[in-house]
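Participant: this is the structure alone, sequence omitted:
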């Protein structure tokens, strides 16, 4: 599949603590034709995070410079920090025939859909508010005040679920991962995608 045609663009959103990052990493880790776009952010790096793997951690000035030059496919302010998806990186991966998955909030997903209408959007929701609270507490990264703020923001994020093509509830990790694999597999099998990626085969079969 790699190197043939233009890769798919998938946007995945979820409230903080819903398990989006772990699911996306597991999905891409077992699929050589799926690339995860690493976002740029002005947020300070957490002790467990690595540059270029979790995020590209950059200064406010550099972020603003990139944004001013049209360097982001999308960018937004989340919890007081800037996040953005570098346009050049996404274009390069897709041109090489690799499918690209973006981990972005509803604001970013809305921007991406406008500039790339072919985007496949997936919303991942927690099974309950209480489960989400327990997951945020278990991460042991935020204060109680920050967790409560994240829960309030989660409700605002979830209110945009109608804008997405797919809605997946992360109650069980492996089941949810299978759901995401099924979505990617189905999108790859759509006629228009196959007509592009299997052009040589189709031409041969019809000759």
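Facilitator: Ah, there it is. A quick note: this is a predicted structure, and the numbers were derived from the prediction, not measured. Numbers count the residues shown, from 1 in each chain.

Participant: can you show me the strands along the protein?
Facilitator: 9-13, 34-36, 40-41, 56-57, 72-78, 81-86, 99-103, 120-125, 166-169 (DSSP state E).

Participant: what's the closest non-adjacent residue to residue 25?
Facilitator: Excluding the flanking residues, the one nearest residue 25 by C-beta to C-beta, 6 or more residues apart in numbering is residue 36, at 7.0 Å. The C-beta positions use only the backbone N, C-alpha and C, and glycine is treated the same way.

Participant: beta-bridge partners for the one you found, please?
Facilitator: residue 101 (DSSP bridges).

Participant: determine which stretch of the strands of the chain is the most buried.
Facilitator: strand 9-13 (a mean of 25; mean count of other C-beta atoms under 10 Å).

Participant: returning to what we had before: isn't the residue nearest to residue 25 right up against residue 26?
Facilitator: No: in this structure, residue 36 is not within contact of residue 26 by C-beta atoms under 8 Å, at 10.6 Å.

Participant: contacts only, for the closest residue to residue 116 other than its chain neighbours.
Facilitator: Distance criterion C-beta to C-beta, 6+ apart; nearest residue to residue 116, sequence neighbours excluded, is residue 9 at 5.6 Å. Residue 9 makes contact with 90, 94, 99-100, 102, 112, 116, 118-120, according to C-beta atoms under 8 Å, 6 or more residues apart in numbering.

Participant: of those, closest to residue 46?
Facilitator: Here the nearest of these to residue 46, counting by C-beta to C-beta, is residue 102; it sits at 20.6 Å.

Participant: buried residues in the lowest-mean-pLDDT helix or strand in the chain?
Facilitator: One helix or strand of the chain scores below all others by mean pLDDT, DSSP states H and E: helix 129-139, with a mean of 84. Buried residues in helix 129-139, counted by 16 or more other C-beta atoms under 10 Å: 132-133, 135-136.
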